[in-house]
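1. whatever this is, show me its structure:
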Amino acid sequence: MFQTLIEFQRTIYLALAEQIKLLSDGGGWLAFTAFLPMGVVFGAAHALTPGHSKAVLATYLAGSEVEVSRGLLFSITLSITHVTMAVLIAALSLPLVSLALGSVGRAPLLEDISRALLGLIGLWMVWRALGHGHHHRHEGEAVGVMAGLIPCPLTLFAMTFAISRGVPAAGILFAITMMVGVALTLSCVAVLSILFRERLVHFFDSRPKLFETASRTIEGAAGLVLACVAVLQIASA
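-> Have a look, this model is predicted:
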């Protein structure tokens, strides 16, 4: 399954490179525009591969009290930040690349910042599960931004190639369509996580005390997982 996704992405990426070459050599925008819907498929498939904070998304939503609409907003925020960071890095390269990029397609500095912030969110969830603090309306969106700070490597590749061929607009347009695909996949993860939590809530409807205990336990466990993952990833980086 994983290898199939990799090969599928490679096929689309090579086709994108060819389209950008044709455009930079004087080809019209019509053919490139017709190719753009493949960016949605590309983004959706890419988001199925490891990474993209799917575990963070599922863990946070399973331990929170947000509804489907806010869960979708959370996943969209994550997708926009994830892709936009790659576009900004490519567009504003010079000092940012030398500071943030340690190897092609990665941004170690931004990754560490993202992990540290998510670790703090995890500790906050544990603290709240112990009976302290309250839920904040915009907390989910904040987590989405933090989780999305790690730039999308394939968007970075596409942007860099488009800029090198003198057609940065092509890279931006493809990034936008790719962002839609990523958002679709992450939105499915968000909805499934919330539905799973709501099924548990329904099960505990007639057991309020047990529900309160289970709710705090799930939130605390989710926060602990986020904090531990952040620490382990920073330590292994």
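
2. surely Met85 meets Gly148?
-> Yes. Here Met85 reaches Gly148: they are 6.8 Å apart, a contact under Cβ atoms under 8 Å. From N, CA and C alone the C-beta is placed, and that goes for glycine too.

3. which one's more surrounded, those two?
-> Gly148 (26 against 22; other Cβ atoms under 10 Å).

4. next, count neighbours for Ala175.
-> The burial count for Ala175: 23, using other Cβ under 10 Å.

5. again but with Val191, I slipped
-> Val191 has 15 nearby residues by other Cβ under 10 Å.

6. wait, it touches Gly71, no?
-> Yes. The pair Val191 / Gly71 is scored as a contact, 6.6 Å apart, by Cβ under 8 Å.

7. let me see the ranges of the helices in this protein.
-> 2-24, 29-35, 37-48, 54-63, 68-91, 93-100, 108-129, 139-147, 153-164, 168-203, 208-236 (DSSP state H).

8. quickly, which of those bottoms out on average pLDDT?
-> For the helices of the chain, mean pLDDT drops lowest on helix 93-100, to a mean of 48.

9. how many neighbours does Leu130 have?
-> There are 12 residues near Leu130, going by other Cβ under 10 Å.

10. what about it, distance to Arg216?
-> Per Cβ to Cβ, to the nearest Å, Leu130 is found 8 Å from Arg216.

11. repeat for Phe161
-> 49 Å.

12. more neighbours: which of these two?
-> Of the pair Phe161 and Arg216, Phe161 is the one with more neighbours under other Cβ under 10 Å, namely 20 against 15.

13. ok, the more buried one - contacts?
-> Neighbouring residues of Phe161 by Cβ atoms under 8 Å, 6 or more residues apart in numbering: 17, 20, 171.

14. now, of those residues, which are buried?
-> Buried members of the contacts of Phe161, counted by 16 or more other Cβ atoms under 10 Å: 20, 171.

15. out of the contacts of Phe161, which is nearest to Leu184?
-> Gly171 (20.6 Å; Cβ to Cβ).

16. isn't that closest one right next to Ser164, touching?
-> No. Taking Cβ under 8 Å as the definition, Gly171 is not a contact partner of Ser164, at 9.6 Å.

17. and the end-to-end length of stretch 46-59?
-> Criterion Cα to Cα, to the nearest Å; first-to-last residue distance in stretch 46-59 is 20 Å.

18. if you count neighbours, what's buried in it?
-> So for stretch 46-59, counting by 16+ other Cβ under 10 Å, buried means 46-48, 52-54, 56-59.

19. identify the residue spatially nearest to Gly71, adjacent ones excluded.
-> Ala190 (4.0 Å; Cβ to Cβ, 6 or more residues apart in numbering).

20. what is the neighbour count of Val41?
-> Residues within reach of Val41, counting by other Cβ under 10 Å, total 17.

21. span of stretch 60-68 from start to end?
-> Using Cα to Cα, the end-to-end distance of stretch 60-68 comes out at 13 Å.

22. residue contacts, Ala175?
-> Contacts of Ala175 by Cβ under 8 Å, 6+ apart are 39, 83, 86-87, 155, 158-159.
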